[in-house]
Structure formats: structure tokens, C-alpha cells
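Enquirer: pasting a predicted model and its sequence here:
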Amino acid sequence: MKKLHYIIISALLFGGCQSDPRLESEASPLVRTKVSELYYAQSDNIDLEALNIVSPSKFVKKRNVYAILTPNSAYRFAIYDSESGNVTRLVPAGKNEGEGMYYISMNLQGDIVSAFDFGSGRLVEIDLNEYATPGYRPVFTSLAEDGKTPFGAIRLDERILSTGLYTAGRYCISQATGYNSYSVSYPTCADPTLTDTLKSIFYASNILALNPMHSKVACANMQSGCLDICEIHDNELSRINEVHMTTPRVKFNRHRPKGRGLTHPVTYSRNNLFGFCDLAVSENYIFALYSGRTLKDYNLDVDKGKTIVVFDWNGLHVRTYQLQNACSAISYDAADNTIYALSQEGNKPQIITLNL
């Protein structure tokens, strides 16, 4: 089956693209650079095909352990230990208890890897210290109760921070008691007259990342290239900054035509520049893997990029790096202060080291 489901949530849920004869304007100046010093030198690699890890899409790394998302495999996660050479597979495909359906991103906090399943509405968490223990089972937490429709989530200490089809605020912090706190308006978008429901659909495809102190969160949109940075105050958020890489090419259908069956509230042009593929964060910086590709030119490879744009936690641009390979994911390892990337160049998936 073609690997479409993990690429774009809003394309899955709300439809495809429209033809647009107009050419897209140039990408943000943040992604244009010809300074050779800003190119990463690539060294080392892990051949994932040789490990029988098929169609990987995302990964996170901590020391010698690589947690890899395999959305089309019988098991949704493969954990590779580069010291022992062992590969452990977790979370069988399915919608039952202990199984997983659709994941598009991963997070690493301490020793815990997490990913949100927007098919079941559950957050799965894998302990990198325990995963290889016989009988180990990941922890699943449901977020779909009380009529909520979350599209992305991340653990925030004893609480869970999520985005979704929310009208009371862009972000929701859910406590173990079941209390939900919503905050922050939706970012500025193409049409300020949109309802909050349409805005929530427009900003549906998100990647979330917390700074190490859990005092700030970065939210990167895949479809529109919007980076939203917020500060966390107890159970509420306040926006620090928002960065828009481009103006999205999108059509909003405010009313459902009678007798026409299924309609798509948000429809992207095939010339729309795809936004962020992945985020990696450190104490001081946000590393954003940017696509800038169009469906018209790249089809299902639109979710890959050769550009890493670096911001500080105030949303200020620091620098831009150009990669030699098209990559679908990046991960920052604080232990060696290095960025790693999942290269998809030539349909040969490899984890490569990017030396600053």
C-alpha cells in the first residue's frame, strides 16, 4: 500500500488538492543561502535496509539507541541498538488495545519516546531503558474522550499537551484528573474571517517539541510552514512568536453544497509549498527540517527536505543549513551535541550524521 497516511493529516481527513495555474511565489529568504560554509559535512551512516527496517519515516536517537517509526510495517516501531546490533519491534499494527494505526511524528524526552496515533486518539510511550526487557509493553494513554478530536500530542510532565479540532483554543493541556485547559488563539492565516473550526483544520498537521526545561513548546505545521512558539505557564500557554515561511495556497469551503456528497473544508493547491517535515530541539535552539516542495513536482516525496532552518526559542532566525540528501526526519542528541538525519536519497533509507 502506498505510504500516504503518515504524510499529511489534513489530506487524509479533509481531502486532496486543487489545480492552480498560478506559480507559487519564491520560498522565504530564510531558506535561500549560497554560503558554502553553511553546508553540513555528512559522515557515518546506518543502512536501515540492511537491518530489515522497511519504509522508515521518522526517528529519534539517544546515545546508541535509535527509535524508528515504520508506519507501513507489521510493527509500527523498530528500536535499534547500535552497540549490540539488536532490533526490537514494538506496537503491532491495528486498532485494538496495545496496537497502533497512524503516526506521523515522534518525540524524545529523557528516556521516553512518544508518538501520537491520530487513528485511535492514543499517545504511546516507550521507555528506552526497558524496551528490551522480556514482556515489556509500551504505555498507551487515550485522549479522545469528552468529544475531543486531537491531531497531535506530547507528554508534559504529568499532563499531556495536544492540538486538534479545538474551538476553545489552539492548545489543550489535559490533566490526569480529566480536566482540560485550552489556550492561545490560532496563528494568523490566509483568511482572518475563518471560523475556529476551519482554522483548526487548516493547522491540523503539526509536529510538537518541548524545550528541555518544559517551559516552552514549538509547534511546526506541515502544510503551511508556520512555526508557532509558546511559553508554558502552569496549565496555560502564551504565544512568544510565530514564523510563516510562505503564504499557503489553499481554498476554504465554508458551506457544504447540497447533493454533492463529500466536501473538503480545506483544499490545498498542488503548487502549495509543503512546510516543515520534522523538528529537533536543544536547550538554546529549534532545528526545523523544511521541505519547500510541491505536490505538483514531488508527489508523495513532498514530505522530505534538504534544508534545516535554525531558530532560537524566541523565534529569531539563527542560520540556515543546506543538506546534500533529501531527508524525512532529524534528531538532536545532547550527549554528543550532534544532529542526525534520516536520509531518503535514492529510496535508500539511511541515518546519517550531520557534523556542524
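Expert: Perfect, thanks for sending it. Note that this is a predicted model, so its numbers are computed, not measured.
Enquirer: low-confidence ranges, the chain, go.
Expert: By pLDDT under 70, the weakly predicted segments of the chain are 1-29, 31-44, 189-191, 254-264, 356.
Enquirer: following the strand ranked longest in it, which helix or strand comes up?
Expert: Criterion DSSP state E: the longest strand present in the chain is strand 317-333. Proceeding N to C from strand 317-333, the next assigned helix or strand is strand 338-343, under DSSP states H and E.
Enquirer: distance from stretch 116-134 to the middle of the chain?
Expert: Its chain's C-alpha centre and that of stretch 116-134 lie 16 Å apart, by CA atoms, centre = their mean, to the nearest Å.
Enquirer: run through the neighbouring helices and strands of the helix or strand where Val124 lies.
Expert: For Val124, the element it lies in under DSSP H and E is strand 122-127. Judged by 3 or more CB pairs under 8 Å, 6 or more residues apart in numbering; DSSP states H and E, strand 122-127 is in contact with strand 112-117, strand 139-142, strand 150-156. (Glycine included, C-beta is placed from N, CA and C.)
Enquirer: redo that, cut-off 10 Å
Expert: When contacts are defined as 3 or more CB pairs under 10 Å, 6 or more residues apart in numbering; DSSP states H and E, strand 122-127 sits against strand 75-81, strand 87-92, strand 107-109, strand 112-117, strand 139-142, strand 150-156.
Enquirer: for Glu236, which non-adjacent residue is spatially closest?
Expert: Distances taken as CB to CB, 6 or more residues apart in numbering put Ser183 closest to Glu236, at 4.3 Å, once the chain neighbours are dropped.
Enquirer: and what of Leu108?
Expert: Val60 (4.0 Å).
Enquirer: quick check: beta-bridge partners of the one you found?
Expert: Note on Val60: beta-bridge partners Ala67, judged by DSSP bridges.
Enquirer: looking at it, it is touching Ala334, isn't it?
Expert: No. With contact defined as CB atoms under 10 Å, Val60 does not count as touching Ala334 (11.8 Å).
Enquirer: check which residues of stretch 315-325 are buried.
Expert: Across stretch 315-325, burial judged by 16 or more other CB atoms under 10 Å covers Gly315, Thr320, Tyr321, Gln322, Leu323, Asn325.
Enquirer: could those residues be laid out in JSON lines, adding distance to Asn211?
Expert: Formatted as JSON lines, the buried residues of stretch 315-325 follow (distance: CB to CB, whole Å):
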{"residue": "Gly315", "distance to Asn211": "13"}
{"residue": "Thr320", "distance to Asn211": "21"}
{"residue": "Tyr321", "distance to Asn211": "20"}
{"residue": "Gln322", "distance to Asn211": "25"}
{"residue": "Leu323", "distance to Asn211": "24"}
{"residue": "Asn325", "distance to Asn211": "28"}
